[in-house]
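[1] structure, please.
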Amino acid sequence: MKIVVDKKIPFINGVLEKRADVVYLEGREISRRDLLTTDALIVRTRTKCNRDLLEGTSVRFIASATIGFDHIDTSFCEANGIFWTNAAGCNSSSVQQYIGGALVHLAHKLNLTLAEKTIGVVGAGNVGSKVAKLCETIGMRVLLNDPPRERKEGSNNFVSLEKIVDESDIITLHVPLNRDGIDKTLHMGNEGFFSKLNKDQVFINSSRGEVVDTSALKSYLRSRKAKACVLDVWEHEPEIDRELLDLVDIGTPHIAGYSADGKAKGTSMSVQALSRFFGLDLNAWIPDAVPPPEHPILELDCRGLNQQAVFGQLVRHTYDIRADDRRLRESPKTFEKQRGEYPLRREFAAYTVRLRNATDGTLALVRDLGFHVSAL
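    Alright, predicted model coming up:
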């Protein structure tokens, strides 16, 4: 049995070698020739699993260690007996942390009281739901837009995109990339969309770059109508638009979901799916140890701090979004290298917070964000 694995998938080295011939390759460089006698493929988004790559090969199984699967031609796979799977929800808490970092930065820069703001979450799947929960926890009014869920569940918990645009102070996208069909999201952020936004709104995209028309977004930002813009994803990655980078308030190299925790979950879900498909003994495998954060314990005196100030200190202790922004601005041409060599980031649950002089409400806030909490 032969398995080809993207060499940048973490925690997987040495796991499958006793059960198969494992070849590690650069994801963007995996070719049809590499797969002629390959049974299984474990990849990230950089490997386009389509007819050109797969036709005439012996591949029977594809696992993507990512939540997205728009890099997989699912119709071709299904028509040719190739089983495919993705790691749905693996990095939802990581993106939640990223959005927390963005909100903390924006609140400081723009002097925002977050609890007085409305956020429109477009796409309420695994990721969007986690983002919505965080925003509700810090007191924001949350509007959800998700047509597929609304069709299944009814309209009680969802609003139209028009209402999102009309009533939101902040709009954040968490949709899959659908190139056609009733739920098409390709260029949903087009000229018409941006023409409806006003100068007091913040726009965030950490879903897929192609969801937004770059030209339309640049026109919107050049017009100085936007209050702020945060982008983690870009059309034509890794060759990103430098002018657009100059126009946004925060720009990062598609790393919103790149916590060590999210990566570990994506890898374990892929290995477990492979095990189930081929009848191996790894159905419950998880990485032995995810490296701990450098400073896993935070002691915080809450005297004189409101809940937004507490939230800000907690998020910055775990993740400073400005560092990712600085690296990208300093060297846009190393976009892919920055992703491949991304520094360790652990999610909220990897930290213990020791609180002094905390109210019951503050204790509840910190717990609801996912931290381990102890009172001093």
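[2] for stretch 171-185, which outside residues touch it?
    Applying C-beta atoms under 8 Å, 6 or more residues apart in numbering, the external contacts of stretch 171-185 come out as 68-70, 95, 99, 119-125, 127-128, 131, 147-148, 164-165, 186, 188-189, 197, 201-208, 210-212. Glycine gets a C-beta too; all of them are placed from N, C-alpha and C.
[3] buried ones in the helix or strand bottoming out on mean pLDDT in the chain, by neighbour count?
    Taking mean pLDDT, DSSP states H and E as the measure, the helices and strands of the chain show their lowest mean at strand 372-375, namely a mean of 86. For strand 372-375, burial by neighbour count (16 or more other C-beta atoms under 10 Å) applies to residue 373.
[4] what of stretch 346-358?
    Per 16+ other C-beta under 10 Å, stretch 346-358 contains these buried residues: 346-348, 350-351, 353, 355, 358.
[5] domain map for this structure?
    What automatic domain parsing lists as the domains of the chain is 2-86+259-278, 92-251, 297-375.
[6] so how far does the second one reach from one end to the other?
    Looking back up the chat, that one is domain 92-251. Length of domain 92-251, first residue to last, C-alpha to C-alpha, to the nearest Å: 19 Å.
[7] now find how far off-centre it is within its chain.
    How far domain 92-251 lies from its chain's middle: 12 Å, per C-alpha atoms, centre = their mean, to the nearest Å.
[8] which ones are touching residue 186?
    Counted by C-beta under 8 Å, 6+ apart, residue 186 has contacts 177-180, 210-211.
[9] how about 7 Å then?
    177-179, 210 (C-beta atoms under 7 Å, 6 or more residues apart in numbering).
[10] out of these, who's the most crowded?
    residue 210 (20 neighbours; other C-beta atoms under 10 Å).
[11] part of a helix, is it?
    Yes: judged by DSSP: H, G, I helix; E, B strand; the rest coil, residue 210 forms part of a helix.
[12] that one contacts residue 234, doesn't it?
    No: using C-beta atoms under 7 Å, residue 210 is not in contact with residue 234, being 9.2 Å away.
[13] buried set for stretch 139-146?
    So for stretch 139-146, counting by 16+ other C-beta under 10 Å, buried means 140, 142-146.
[14] gap between residue 168 and residue 119?
    Distance of residue 168 to residue 119, computed by C-beta to C-beta, to the nearest Å: 6 Å.
[15] which residues of the stretch 101-250 of the chain fall in helices?
    Using DSSP state H, counting those that start in this stretch, the helices of the stretch 101-250 of the chain run over 126-137, 147-153, 161-167, 191-195, 214-222, 242-247.
[16] okay, those, which one's buried deepest?
    Compared across the helices of the stretch 101-250 of the chain, helix 126-137 shows the largest average neighbour count, a mean of 22 (mean count of other C-beta atoms under 10 Å).
[17] from the contacts of residue 186, which two are the most distant?
    178 and 210 (10.1 Å; C-beta to C-beta).
[18] tell me who's in contact with residue 362.
    302, 307, 310, 355.
[19] most neighbours of all those residues, which one?
    In terms of neighbour count, residue 310 stands highest of these at 22 neighbours, by other C-beta under 10 Å.
[20] test my guess that it contacts residue 303.
    No: using C-beta under 7 Å, residue 310 is not in contact with residue 303; the gap is 11.0 Å.
[21] what's the average pLDDT for stretch 101-110?
    Taken as a whole, stretch 101-110 carries a mean pLDDT of 98.
[22] mind checking the SS state of residue 88?
    Under three-state DSSP, residue 88 falls in the coil class.
[23] so it is in contact with residue 126, correct?
    Yes: with contact defined as C-beta under 7 Å, residue 88 reaches residue 126; the gap is 6.1 Å.
[24] which residues do those two both contact?
    Contact with both residue 88 and residue 126 is made by residues residue 67, according to C-beta under 7 Å, 6+ apart.
[25] got a list of what residue 140 touches?
    Counting by C-beta under 7 Å, 6+ apart, residue 140 makes contact with 114-115, 117-119.
[26] just the terminal-to-terminal distance for stretch 324-342.
    End residues of stretch 324-342 are separated by 9 Å (C-alpha to C-alpha).
[27] just the terminal-to-terminal distance for stretch 152-171.
    23 Å.
[28] tell me the SS of the residue nearest the centre of the chain?
    Centroid-nearest residue in the chain, with C-alpha atoms, centre = their mean: residue 257, separated by 3.5 Å. Secondary structure, three-state DSSP: residue 257 is coil.
[29] hmm, it is touching residue 94, no?
    Yes: between residue 257 and residue 94 there is a contact under C-beta under 7 Å: 4.6 Å.
[30] what helix or strand is residue 62 on?
    Per DSSP states H and E: residue 62 is located in strand 61-64.
[31] so which bits of stretch 181-188 are buried?
    By 16+ other C-beta under 10 Å, the buried positions in stretch 181-188 come out as 185-188.
[32] for these, give me CSV that also has pLDDT.
    Below are those laid out as CSV (pLDDT from 0 to 100):
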residue, pLDDT
185, 97
186, 98
187, 98
188, 97
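[33] quick check, nearest of those to residue 265?
    residue 185 (24.1 Å).
[34] measure the closest one to residue 327 for me?
    To residue 327, residue 185 is 28 Å away according to C-beta to C-beta.
[35] hmm, back to that, the contacts of residue 362: which two are farthest apart?
    Farthest pair in those, by C-beta to C-beta: 307 and 355, 12.1 Å.
[36] and residue 197, what are its phi and psi?
    Torsion angles at residue 197 (phi, psi; degrees, to the nearest 10) stand at phi -80, psi 160.
[37] that one and residue 354: what is the separation?
    From residue 197 to residue 354 the distance is 42 Å (C-beta to C-beta).
[38] before we move on, what about residue 4?
    Distance, residue 4 to residue 354, using C-beta to C-beta: 46 Å.
[39] rewinding a little: can you flag the buried ones in the contacts of stretch 171-185?
    Of the contacts of stretch 171-185, these count as buried by 16+ other C-beta under 10 Å: 68-70, 95, 99, 119-125, 127-128, 131, 164-165, 186, 188-189, 197, 201-208, 210-212.
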